[in-house]
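Student: predicted model follows, preceded by the sequence.
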Amino acid sequence: MVEILKKYFRVSEQHSTVKNEIIAGITNYFTVIYLVLLVPEILIGIFPEAIGTNGELIGNKIIYDGVTVNGMLVILTAASFIAAGIGTLLIGIFINVPFAQGPSLAVGTFVTYTVCVNFGYTFNQALAIIFIAGICFFILSVCGLEEKLHRAIPNNIKFAVTAGIGLFIAYTGLEKAHIIHIDENSKISLFNIVDFQSVYTRDALLTLVGIVLIVILIKKGVHGAIFVGKILCIILALPLGLIKTVEFEKFEYSLDLSKTFFSLDFSALIDTTSFSRGIFSLTTIIILVFSICIMDIFETMSTFIATKNFIKVSNDKSNVTKKAPRILEIDSISTCIGALVGSSTISTYVESTTGVVEGGRTGLTAVVTGILFLISVFFSPFVSIIPSSATATTLIMAGIIMINVIKYINFEDVAEAVPAFFTFFIIPITKSLIIGISFGIIFYVIINICIGKRKKIKNPLYILAILFIIILMLIPR
């Protein structure tokens, strides 16, 4: 078996060993698993009735086809692991690169707060939109159009998008941990640090302790430090009374995935009551699909832009160029699969390049990671008892790590700094990735036209600016 694996994945040719590939695969798993677990926690926001006034999930509330909040979180988590497992196996077996795929946090956030909360589409309709986006993304990948669009978007805005998402995620974590509280008048206040009788205070303090622990683990070089920190928070939450053991005993560990499998709803996407409404709804769907495609391009291509580790996958740089379009094609296929099982758009995790650092050079690394994802499906029911402090710790640390790219933005050039600022600042304020991108692109085009630097603006960027103006007009106020 070892010889078969070595031959199929060309392990020796890449100056690696089966042992190195397995270790790298495990490393990738523990590095990106927090993302796979985080997306369901974002997607549960599609159901507004699932969240109470204090930001806590109402576990026993029925929100979808007779399924409770806890049950739906389990199903969404299982679907995320299945989609991540299949996508990662595909990229390992057919492309032979050591990367992991999984549900996109950015697109998951966009689907939750823009597609569903703002535009009012249901969960099933959102899955249908994601599926259509996957097909369109595949067509774009085959035609090579996605690369042209990606090249047209300035790097400063790409970095700003990542930083903006990081700010939004971190801010959400602060709220979820009750470190900050926002009242009905939008006034922000800090938690009562001396009221140890309050569950919220204990929750906030445990979150802060968890963050310190994760920082220590990261500095010690522990791989999967965020995931390990999350486990430690869960363990510490029990003696602090932050896990309700009574509810845990009553909870039914059901993995009824039939609730989300092949549950796409295409029927109500287009309003056929009148011609004008039909055109409006069709235009809306086109823009939403286009937006998801653009975000998927952002995330997948960032794997090649944000790190030079990918070059290490092959001794021949030209092979990297040849593999990039195929990875995008697998991305689109995995996205369709994700929609069919009930998850968000699938993208290639840039964080999975940690496996390369650990010695991973071939698709065998990805296969190991994919298998671990599929095994994790059976542990999905336990996520419903995870205390908010553990979730918040993950959110805050993930956000901080993503904000790190802000240092690559060119703030010395004010013409570059202003569009980037609007991008990363507006995303957390509006809770919408697409609004932040829209402002960034539109400002970039207008500013460079006004200062006489039209040559900096590539033709596809004009089209993007016009489409984003339409998007801003369509988004409900």
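Tutor: Okay, I see it.

Student: make it CA atoms for all contacts and neighbour counts henceforth
Tutor: Will do.

Student: point out where the stretch 301-450 of the chain drops to low pLDDT.
Tutor: Along the stretch 301-450 of the chain, segments meeting pLDDT under 70 span 301-322, 350, 353-354, 357, 383-385.

Student: what about the strands in it?
Tutor: 346-348 (DSSP state E, counting those that start in this stretch).

Student: helices of that one, start to end?
Tutor: 317-341, 354-357, 363-376, 388-403, 414-430, 433-450 (DSSP state H, counting those that start in this stretch).

Student: most tightly packed of the ones you listed?
Tutor: helix 363-376 (a mean of 26; mean count of other C-alpha atoms under 10 Å).

Student: how about TSV for the helices of the stretch 301-450 of the chain, with distance to residue 163 added?
Tutor: What follows is those, written out as TSV (distance: least, C-alpha to C-alpha, whole Å):
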stretch	distance to residue 163
helix 317-341	23
helix 354-357	20
helix 363-376	27
helix 388-403	4
helix 414-430	6
helix 433-450	11
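
Student: closest to residue 26 out of those helices?
Tutor: Judged by C-alpha to C-alpha, the one of the helices of the stretch 301-450 of the chain that comes nearest to residue 26 is helix 363-376, at 6.0 Å.

Student: one step back: so which of the helices of the stretch 301-450 of the chain comes closest to residue 96?
Tutor: Of the helices of the stretch 301-450 of the chain, nearest to residue 96 by C-alpha to C-alpha is helix 363-376, at 3.8 Å.

Student: against which helices or strands is the closest one packed?
Tutor: helix 18-43, helix 69-90 (3 or more C-alpha pairs under 8 Å, 6 or more residues apart in numbering; DSSP states H and E).

Student: pick the most buried one from the ones you listed.
Tutor: With a mean of 28, the top stretch among the helices and strands packed on helix 363-376 by mean neighbour count (mean count of other C-alpha under 10 Å) is helix 69-90.

Student: could you pull up the mean pLDDT of it?
Tutor: Mean per-residue pLDDT for helix 69-90: 92.

Student: in its sheet, what does the helix or strand following that helix sit against?
Tutor: Note on helix 69-90: by DSSP states H and E, the next helix or strand toward the C-terminus is strand 101-103. Paired strands of strand 101-103, with direction, are strand 346-348 (antiparallel) (DSSP bridges).

Student: neighbouring contacts of the strand it pairs with?
Tutor: Outside strand 346-348, the residues that touch it by C-alpha atoms under 8 Å, 6 or more residues apart in numbering are 83-84, 87, 99-104, 296, 299-300, 303, 331-332, 334-335, 338.

Student: again, 10 Å this time
Tutor: Residues outside strand 346-348 that contact it (C-alpha atoms under 10 Å, 6 or more residues apart in numbering): 80, 83-84, 87-88, 91, 99-108, 130, 134, 295-303, 327-328, 330-339.

Student: for residue 286, which of the helices of the stretch 301-450 of the chain is the nearest?
Tutor: Of all the helices of the stretch 301-450 of the chain, it is helix 433-450 that lies closest to residue 286, at 14.0 Å by C-alpha to C-alpha.

Student: and the angle from the next helix or strand after the closest one to helix 433-450?
Tutor: Later in the chain than helix 433-450, the nearest helix or strand by DSSP H and E is helix 459-474. Interaxial angle, helix 459-474 versus helix 433-450 (axes from the mean of the first three to the mean of the last three C-alpha atoms, to 10 degrees): 130 degrees.

Student: one step back: quick one: closest of the helices of the stretch 301-450 of the chain to residue 199.
Tutor: Counting by C-alpha to C-alpha, residue 199 lies closest to helix 388-403 out of the helices of the stretch 301-450 of the chain; the figure is 10.7 Å.

Student: next, the angle helix 414-430 makes with the closest one.
Tutor: Relative orientation of helix 388-403 versus helix 414-430 (the same axes, to 10 degrees): 170 degrees.

Student: nearest residue to the residue nearest the centre of the chain in space, please, no chain neighbours.
Tutor: Compute the mean C-alpha point of the chain, and by C-alpha atoms, centre = their mean the closest residue is residue 105, 1.3 Å away. Counting by C-alpha to C-alpha, 6 or more residues apart in numbering, residue 105 lies nearest to residue 39, which is 5.5 Å off, once chain neighbours are set aside.

Student: one more: residue 393?
Tutor: Distances taken as C-alpha to C-alpha, 6+ apart place residue 207 nearest to residue 393, at 5.5 Å, with adjacent residues excluded.

Student: any idea how far that neighbour is from residue 200?
Tutor: Distance, residue 207 to residue 200, by C-alpha to C-alpha, to the nearest Å: 11 Å.

Student: do the same with residue 164
Tutor: Counting by C-alpha to C-alpha, the gap from residue 164 to residue 200 is 27 Å.

Student: same for the helix or strand where residue 130 lies, what does it pack against?
Tutor: Element membership of residue 130 [criterion: DSSP H and E] is helix 123-143. Applying 3 or more C-alpha pairs under 10 Å, 6 or more residues apart in numbering; DSSP states H and E, one finds that helix 123-143 contacts helix 145-152, helix 275-305, helix 317-341.

Student: now do the buried residues in it.
Tutor: Buried residues in helix 123-143, counted by 16 or more other C-alpha atoms under 10 Å: 123-138, 140-141.

Student: tell me the SS of the closest residue in space to residue 214 that isn't next to it in sequence?
Tutor: Of all residues not flanking residue 214 in the chain, residue 229 sits nearest, at 5.2 Å (C-alpha to C-alpha, 6+ apart). What DSSP: H, G, I helix; E, B strand; the rest coil gives for residue 229 is helix.

Student: could I get the contacting residues of residue 229?
Tutor: So residue 229 contacts 207, 209-218, 235, 390, 393-394, 397 (C-alpha under 10 Å, 6+ apart).

Student: gap between it and residue 221?
Tutor: Distance from residue 229 to residue 221, by C-alpha to C-alpha: 13 Å.

Student: give me the common contacts of these two.
Tutor: residue 215.

Student: just the pLDDT at the residue nearest to the centre of the chain, thanks.
Tutor: So residue 105 comes in at 83 (pLDDT).

Student: next one: it from residue 434, what distance?
Tutor: Counting by C-alpha to C-alpha - residue 105 and residue 434 are separated by 14 Å.

Student: also residue 410?
Tutor: 22 Å.

Student: give me the number of residues near residue 111?
Tutor: Neighbours of residue 111 under the rule other C-alpha atoms under 10 Å: 30.

Student: is it true that it touches residue 124?
Tutor: No. Residue 111 lies out of contact with residue 124 (C-alpha atoms under 10 Å); the separation is 11.4 Å.

Student: for the two, list the residues in contact with both.
Tutor: Common contact partners of residue 111 and residue 124 (C-alpha under 10 Å, 6+ apart): residue 130.

Student: the stretch 101-250 of the chain: helices as residue ranges?
Tutor: 105-110, 123-143, 145-152, 155-176, 199-219, 225-237, 245-250.
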